[in-house]
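In: Predicted model follows, preceded by the sequence.
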Amino acid sequence: MSPAKKTATKKATTRKTTTRRKRGPAEPRGPEARESALDRGDEHVVALTERVERAKGSVLAAYRAVPARMPNVEVHVFPGVDHGYMMPAAKAFHAPSRAFSMARALAILDRLRGDERQQKLAS
């Protein structure tokens, strides 16, 4: 005769219910970039301006030298176009440069997609 099978009694788990926080974008903190005017007389701005002026064209030359070392890299410089030129609401918005940049980005994506398609067809 075999021994009787033991049955374990399960404890009722008391699950703590919590109120879930709303997830979403945080409220903006601080001033918006367009609300922050730089004072060209501010000592920090003056110091930064001097560093940029001392560098003269060395930064630009460094960017332009990249394709010589890396043939798969294209560098395009838009003289007089500031940071934020892609954003239509930005003060620095520059439609011709944005159109050029978007066309280049889409061409790169199309080329990558074409490579993917060829790899799928080959396998």
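Out: Thanks, I have the structure now. Numbers count the residues shown, from 1 in each chain.

In: switch to C-alpha atoms for all contacts and neighbour counts from now on
Out: OK.

In: This structure - how does it break down into domains?
Out: 38-75, 78-123 (automatic domain parsing).

In: longest helix anywhere in the protein?
Out: helix 95-122 (DSSP state H).

In: Next, the buried residues of that helix.
Out: For helix 95-122, the neighbour count (16 or more other C-alpha atoms under 10 Å) marks 97-98 as buried.

In: mean confidence score for that helix?
Out: Helix 95-122 comes out with an average pLDDT of 86.

In: what does stretch 71-79 give?
Out: On average, stretch 71-79 scores 87.

In: What of stretch 56-68?
Out: Per-residue scores along stretch 56-68 average to 81.

In: Export only the CA atoms of stretch 106-123, formatted as CSV.
Out: Extracted in CSV, the C-alpha atoms of stretch 106-123 (Å, rounded to 0.1, in the frame of the first residue of the first chain):
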residue,chain,number,x,y,z
LEU,A,106,16.0,59.6,-47.7
ALA,A,107,18.5,58.6,-50.4
ILE,A,108,20.7,56.9,-47.7
LEU,A,109,17.6,55.1,-46.4
ASP,A,110,16.6,54.0,-49.9
ARG,A,111,20.1,52.6,-50.5
LEU,A,112,20.0,50.7,-47.2
ARG,A,113,16.6,49.3,-48.0
GLY,A,114,17.8,48.3,-51.4
ASP,A,115,20.7,46.4,-49.8
GLU,A,116,18.2,44.7,-47.5
ARG,A,117,16.0,43.6,-50.4
GLN,A,118,19.0,42.2,-52.3
GLN,A,119,20.1,40.2,-49.3
LYS,A,120,16.7,38.8,-48.9
LEU,A,121,16.5,37.8,-52.6
ALA,A,122,20.0,36.2,-52.4
SER,A,123,19.0,34.0,-49.5
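
In: quick one, phi/psi of Pro79?
Out: phi -60, psi 130 (degrees, to the nearest 10).

In: Can you tell me how far it is from Asp110?
Out: As judged by C-alpha to C-alpha, to the nearest Å, Pro79 and Asp110 stand 27 Å apart.
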